[in-house]
Structure formats: structure tokens, C-alpha cells
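J.: 3D, please:
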Amino acid sequence: MISEEWLWWLGISSIVIFVVSLATLPWLVAQIPENYFCHNRRTPTVWKKRHPAIRIILLILKNLLGIVLLVGGFIMLFIPGQGLLTMIMGIVLLDYPGKYALERKVASISAIHSGLNWLREKRHAPPLILDEKD
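T.: Here you go, the predicted structure:
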């Protein structure tokens with residue numbers, strides 16, 4: 001049985017995750033290169049060219065954070081909190097086969113594409129370009 005103190009901590013962490021996600025989402029969306037979705041394959045990022053040990057450590061930490069957010073989001077489906085938003089953040093952080101194709105497909109949905117570009121406009125970033133040929 002979950003104690004009342006545990007529920008308070010879960011509620012507080014849920015609020016913190018919600019506020020942090022709302023505050024960082026426009027900045028994160030603005031960091032996406034405008035031509036990110038124009039390629040059939042993901043182009044390597046700058047940090048992949050760094051020392052292999054640093055790259056592996058960062059990759060492990062990023063995936064661990066993604067797992068924590070995914071599990072936390074699932075728990076938040078049953079307690080107060082932003083479960084779906086937290087799960088989406090976890091999925092975005094995780095590395096798995098077919099992730100880039102899924103990102104392209106989701107970003108090509110008209111409502112999502114216009115929402116992403118609205119967030120980018122708020123940060124004075126150019127709109128995302130989608131490759132319509134694929």
C-alpha cells in the first residue's frame with residue numbers, strides 16, 4: 001500500500017515535470033534543424049564524432065532518462081499528473097529501431113507540423129521543412 005507521503009512526492013514530481021516540460025518544449029523544438037525531416041536517414045549529430053567513451057556514457061544516460069520518464073508517465077496515467085506528455089518525452093529520448101521514420105511520420109501530420117512551426121515561430125526559428133516526396 002502506498003503511503004500518503006509517497007503520494008505527495010509523486011504529485012510534486014508530476015507538477016515539476018509538467019512545468020519543466022512546458023518551459024523547455026519551445027526551446028527544444030527550436031533546436032531541431034529546419035531540414036531535419038528532409039532526409040531518408042538521420043544525419044549524424046556533432047556529439048557522435050566525439051570520444052567514443054563520452055558518447056557511450058551520454059547515450060546510456062539519455063536512454064536511462066527516457067526509461068525513467070516513460071515509466072513515470074505510465075504511473076502518472078493512474079495518479080494525478082501529465083502521464084501522456086511525460087511518456088512522449090521518454091519515447092523521444094529513447095533510441096530504438098525505426099525511431100527516425102516514426103518521427104518523420106508524426107511530424108508530417110498537418111496539425112502536429114503546424115504546432116511545431118508555431119512553437120518555432122515563438123522562438124524566432126525558421127519553419128520545419130518536410131520532404132513531401134516520400
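
J.: what about the longest helix belonging to the chain, average pLDDT?
T.: The longest helix of the chain (DSSP state H) is helix 4-30. Throughout helix 4-30, pLDDT has a mean value of 81.

J.: by contact count, what packs against that helix?
T.: helix 52-76, helix 83-93, helix 110-122 (3 or more CB pairs under 8 Å, 6 or more residues apart in numbering; DSSP states H and E). C-betas here are computed from N, CA, C, even on glycine.

J.: Tell me which of the ones you listed sits most buried.
T.: helix 83-93 (a mean of 18; mean count of other CB atoms under 10 Å).

J.: Name the residues that touch it?
T.: 14, 17-18, 21, 62-63, 65-77 (CB atoms under 8 Å, 6 or more residues apart in numbering).

J.: Tell me the secondary structure at D131.
T.: Classification of D131 using DSSP: H, G, I helix; E, B strand; the rest coil returns coil.

J.: quick one: it and Y36 touch, right?
T.: No - judged on CB atoms under 8 Å, D131 makes no contact with Y36 at a distance of 10.3 Å.

J.: The two: who's more crowded?
T.: Each of D131 and Y36 has its neighbours counted (other CB atoms under 10 Å); Y36 has more, 17 against 12.

J.: how near is the more buried one to G115?
T.: Per CB to CB, to the nearest Å, Y36 is found 16 Å from G115.

J.: Please apply the same query to M76.
T.: Counting by CB to CB, the gap from M76 to G115 is 22 Å.

J.: try P33
T.: Separation of P33 from G115 (CB to CB): 18 Å.
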